[in-house]
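Trainee: After the sequence you'll find the predicted model.
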Amino acid sequence: MRLHDYLARIGVTGPLDGGAESLARLHVAHREAFLFENLSIQSGDGVSVAPGDVERKFLDARRGGYCFEHNTLFASMLRAVGFAPVTLLGRVRRGPPERWARTHMVLGVPVRREGSSDEPELWLADVGFGAMGLVEPIPLREGTTSPQRGIVYELRREPPVWVLSMRDATSTADLYEFADDPQTPGDIQVANHYTSTHPDSIFRRTLTMQRVAGNVRTILSNLSLTRYEGGRMTTAPVDRASLPRLARELFGVELPSGPFVYESYAPPPA
């Protein structure tokens, strides 16, 4: 793990240990430094979750990615500074339940309890759910609530899974569920392959760039631009010709000229 390069990229200095404060500093800094985006998929390229490939993409090319890339990089860094994260897979609660699948990666992170010799407490870390996801890690225990930049997150237990939900000024929604069983690198490769290549994957049907900056969460999804601030969301249409300018001004990236994979799909019926 290129720890020095990673910490320089996210702007974290000073000592780090196995406690909650260090985990939170790293989590927030990662969220604000890297975009959530699927430009590789939309350009027709593959997505590698090999740690070296993810490091080169994020640190050298100064790109972002989606959950498997973000949380693979974050887990490598956590191990390098003394944490022992466990890889977990979850199901995004979008659409009918029979379509939910384990296509989201999160981390369970044992955290040293301040001033205690007890067993570490497990925390949920997830730097790869896009703009509406956690900005800070939270304790993995029943009933945990955490207000974060206009959204209140809550964990509940629905055996055999945990469910992360969000509440804002106007609505409440479940984000995803996940189980406790640790996943192997092979499990992640399989889930990543489906998510990046299957024709029904939302990441093939949608071009997206998302970021968290201060109290503003910004999401570009195909030809729709959403801003989320103070617990309220505003959405406006954008035209195809404006995408390169918006990508540059709002997300700091040069958008490939296309065509993009999502444009090969028939538009939904009016």
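Mentor: Cool, got the structure. Residues are numbered from 1 along each chain as shown.
Trainee: need the contact list for the residue nearest to Pro256 when sequence neighbours are not counted.
Mentor: Distances taken as C-beta to C-beta, 6 or more residues apart in numbering place Ser43 nearest to Pro256, at 5.2 Å, with adjacent residues excluded. All C-beta spots, glycine's among them, are computed from the backbone N, C-alpha and C. Shown in contact with Ser43 (C-beta atoms under 8 Å, 6 or more residues apart in numbering): 256, 260-261.
Trainee: Closest one of the residues you listed to Leu223?
Mentor: Of all the contacts of Ser43, Leu223 sits closest to Phe260, with 11.2 Å by C-beta to C-beta.
Trainee: Please report the distance of the closest one from Thr208.
Mentor: 11 Å (C-beta to C-beta, to the nearest Å).
Trainee: same thing with Val163?
Mentor: According to C-beta to C-beta, Val163 and Thr208 sit 23 Å apart.
Trainee: Of these two, give the one with the bigger neighbour count.
Mentor: Using other C-beta atoms under 10 Å, the more surrounded residue of Val163 and Thr208 is Thr208, with 22 against 17.
Trainee: Now do the strands in the stretch 1-150 of the chain.
Mentor: Assigned by DSSP state E, counting those that start in this stretch, the stretch 1-150 of the chain shows strands spanning 36-37, 86-92, 102-111, 121-125, 138-139, 145-148.
Trainee: Highest mean neighbour count out of those strands?
Mentor: strand 36-37 (a mean of 24; mean count of other C-beta atoms under 10 Å).
Trainee: could you give me the average pLDDT of that strand?
Mentor: Averaging pLDDT along strand 36-37 yields 98.
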